[in-house]
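Q: Fold the following, please.
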Amino acid sequence: MCFDVDILAYALMESHVHLFIYDRSKNISVFMMNLHGHYARYYNKINERVGHVFGERFNNKLVLANVYGKWLSRYIHRQATEAGIVEDPADYPWSSYRTYMGLEMKEFVKSNVILEQFGEGESRLREYRAFVLSHDDGPVDWSRRYFTLLEGSELIDYAGRIMNVDRSVLLEPQGIKERHLRHYAIRLLYERYGFKPALLARAFRLSRVAVTGILMRRKI
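A: Coordinates of the predicted model:
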């Protein structure tokens, strides 16, 4: 059976596997069943064993590649680092990060889907590396089955953390300096993270007209 899928990112860990898959055939369950079956047979053969290889059914979450995809790729490529196996994800050979960095070639990894969000040429590799090594986990609620951007009070708290300002400054600014901080936060969330004006208006308790005016004044 043929499947029309792209592998955008992966990390093979000792107890589990992370796969970021673009499935055009919309038959991910059958694809994963076949993948598990083929790998189990391969693993059992080279290790001269029988029985199940995977203990549980796979868990899947849906993601929009051009909105949350870069954050998901970062999450996957940091698995070995977060587990304390390596300090630099480039030192871990069982993930797609080395392919992203041009250190090895794996044609089945479609890294351009993510890397094109970081510019062109070699500079995008530097930008992506800095992105993966940063301490910013992103404005995404990873706990839900469908990944969603933060909103409301969670979004305000996130903006406060990355700017190191109190949430009260962003919601109820006092004076010109604090209003400028709120404007900066709105532009930051719009330009760097892709939040829509309507969502920003709700989070900051402003009208959409006011948010649009802030965004039109100047870039961050």
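
Q: Going by C-alpha atoms from here, please, whenever you check contacts or count neighbours.
A: Noted.

Q: Identify the residue nearest the geometric centre of this protein.
A: W71 (1.4 Å; CA atoms, centre = their mean).

Q: Compute the distance between R126 and L115, please.
A: 10 Å (CA to CA, to the nearest Å).

Q: Which one's more surrounded, the two?
A: Comparing R126 with L115 by other CA atoms under 10 Å, the one with more neighbours is L115, at 18 against 13.

Q: what helix or strand is that one on?
A: helix 112-115 (DSSP states H and E).

Q: That helix: which residues count as buried?
A: By neighbour count on 16 or more other CA atoms under 10 Å, the buried set for helix 112-115 is I114, L115.

Q: average pLDDT across the helix or strand following that helix?
A: Later in the chain than helix 112-115, the nearest helix or strand by DSSP H and E is helix 123-133. The average pLDDT within helix 123-133 is 93.

Q: Can you tell me what sits against helix 123-133?
A: With CA atoms under 8 Å, 6 or more residues apart in numbering as the test, helix 123-133 has contacts from R74, H77, R78, Y100, M101, L115, E116, F118.

Q: give me every residue that touches the fourth one.
A: By that I understand Y100. S111, L115, L125.

Q: which one among those residues gets closest to E151?
A: Taking CA to CA as the measure, L115 is the one of the contacts of Y100 closest to E151, at 26.1 Å.

Q: Which residue ranges make up each domain of the protein?
A: 5-133, 150-217 (automatic domain parsing).

Q: lowest-confidence stretch among those domains?
A: Among those, domain 5-133 scores lowest, at a mean of 83.

Q: before we move on, what SS does F195 have?
A: The local conformation at F195, judged by DSSP: H, G, I helix; E, B strand; the rest coil, is coil.

Q: again but with P93, I slipped
A: Assignment for P93 (three-state DSSP): coil.

Q: Can you show me the helices along the protein?
A: Using DSSP state H, the helices of the chain run over 28-47, 69-77, 79-82, 97-100, 112-115, 123-133, 152-163, 167-171, 175-191, 197-204, 208-217.

Q: Spit out the contact partners of the residue nearest to the centre of the chain.
A: Counting by CA under 8 Å, 6+ apart, W71 has contacts D137, G138, V140.

Q: distance of it from R161?
A: In terms of CA to CA, W71 sits 17 Å off from R161.

Q: same deal with K26?
A: For K26 relative to R161 (CA to CA), the value is 38 Å.

Q: what do you get for S168?
A: 12 Å.

Q: With I214 instead?
A: From I214 to R161 the distance is 21 Å (CA to CA).

Q: These two: who's more crowded?
A: Legend: neighbour count by other CA under 10 Å for I214 and R161, higher for I214 (17 against 13).

Q: Run a quick check on A90 versus S96, I expect a contact.
A: No: under the criterion of CA atoms under 8 Å, A90 makes no contact with S96, lying 9.2 Å away.

Q: Now do the shared contacts for the two.
A: With CA under 8 Å, 6+ apart as the test, A90 and S96 reach no residue in common.
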